[in-house]
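**Q** pasting the structure only:
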């Protein structure tokens, strides 16, 4: 029988781009990530059990939910209602503004989210670790995941200005986790070129991929040339403003609509960033 939590969990899992429970559980690292088995997870979706709070936290990370925004709050509220019962929740916790928070995400958010979810591919933790093995592997992945052609190590090394042996090592590494496929005559091709790729949430990983990315990003951006830049300072209510974060994430993802998979006379690799920083309480 359904519970508020089981119904909310299934809805949120589909909303976040995981069409099946199996895909959600195993893409995110399975038992190693969550601390429970797939059978135990199915019982949660079926309303037969409720996760402990620490395991709920890991599930919310795997769902890529932004803390203190409506989607994250909605799942947390459903968990509370199931844990203590709706009457007790209404009496004790009704101060949590469910209806107000929901209205702060515009209707177009769901339409855009559904459109992008159809072409989203979630990378596994093992794949993410392979990508971040070293800077050369990361560069080769960024390049080939944006190109529909077949490349040899020598061709890629020349284009990306890498040592041939580093390019060869990177291609073998990426192929070993099925991010690349062999295309004959020592060449490799990426089968995910036309997908929008989503990395695992680093809060659920002990691999250090997040720290490596920070290091690699600094190296890559040291030679950047700005195409466009804009920033500013605004004053806002933090609780309300947090609901802008999912919208900002979604808008950044729409950059994928400009993605091309063949080289042109003006094609290049671009770094796109969004950032919100709190300066002072005021």
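**A** Received it, and whenever you're ready, just let me know what you need. Nothing here was measured: the structure is a model prediction, and the numbers come from that model. Residues are numbered from 1 along each chain as shown.

**Q** which outside residues touch stretch 227-235?
**A** Residues outside stretch 227-235 that contact it (C-beta atoms under 8 Å, 6 or more residues apart in numbering): 270, 279, 282. Quick note: C-beta positions are derived from backbone N, CA and C, even for glycine.

**Q** which residue ends up closest to the midpoint of this structure in space?
**A** For the chain, the residue nearest the mean C-alpha position is residue 198 (4.0 Å; C-alpha atoms, centre = their mean).

**Q** Can you check the pLDDT for it?
**A** Residue 198 is assigned a pLDDT of 85 by the prediction.

**Q** who touches it in this structure?
**A** Residues counted as contacts of residue 198 (C-beta under 8 Å, 6+ apart) are 17, 64, 120-123.

**Q** repeat that for 7 Å
**A** For residue 198, the contacting residues are 120, 122-123, by C-beta atoms under 7 Å, 6 or more residues apart in numbering.

**Q** Turn those into TSV, including pLDDT and neighbour count.
**A** Below are the contacts of residue 198 laid out as TSV (pLDDT from 0 to 100; neighbours: other C-beta atoms under 10 Å):
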residue	pLDDT	neighbour count
120	80	16
122	87	21
123	89	20
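
**Q** Now do residue 222, the pLDDT please.
**A** So, for residue 222, pLDDT stands at 84.

**Q** Next one: it from residue 135, what distance?
**A** Going from residue 222 to residue 135 by C-beta to C-beta, to the nearest Å gives 12 Å.

**Q** Which one's more surrounded, these two?
**A** residue 135 (17 against 7; other C-beta atoms under 10 Å).

**Q** Assess the claim that the more buried one and residue 216 are in contact.
**A** Yes - when contacts are counted by C-beta atoms under 7 Å, residue 135 is listed as touching residue 216 (5.0 Å).

**Q** give me every residue that touches the closest residue in space to residue 1 that isn't next to it in sequence.
**A** Spatial nearest neighbour of residue 1, chain neighbours left out: residue 47 (5.4 Å); criterion: C-beta to C-beta, 6 or more residues apart in numbering. Neighbouring residues of residue 47 by C-beta under 7 Å, 6+ apart: 1-3, 6.

**Q** sorry, back to before: now intersect the contacts of residue 198 with the strands, please.
**A** Judged by DSSP state E, the contacts of residue 198 include 120, 122 as members of strands.

**Q** possible to save the contacts of residue 198 as a markdown table with distance to residue 54?
**A** A markdown table is the format used below for the contacts of residue 198 (distance: C-beta to C-beta, whole Å):
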| residue | distance to residue 54 |
| --- | --- |
| 120 | 27 |
| 122 | 22 |
| 123 | 24 |
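
**Q** tell me the phi and psi of residue 197?
**A** Main-chain torsions, residue 197, degrees, to the nearest 10: phi -90, psi 130.

**Q** what do you get for residue 194?
**A** According to degrees, to the nearest 10, residue 194 has phi -90, psi 10.

**Q** From residue 280, how far off is it?
**A** 44 Å.

**Q** higher neighbour count, these two?
**A** Legend: neighbour count by other C-beta under 10 Å for residue 194 and residue 280, higher for residue 194 (12 against 6).

**Q** quick one: contacts for that one?
**A** For residue 194, the contacting residues are residue 261, by C-beta under 7 Å, 6+ apart.

**Q** Check what pLDDT it gets.
**A** Note on residue 194: pLDDT of 85.

**Q** Which parts of the stretch 101-250 of the chain are strands?
**A** For the stretch 101-250 of the chain, the strands defined by DSSP state E, counting those that start in this stretch occupy 120-122, 151-152, 181-182, 187-189, 196-198.
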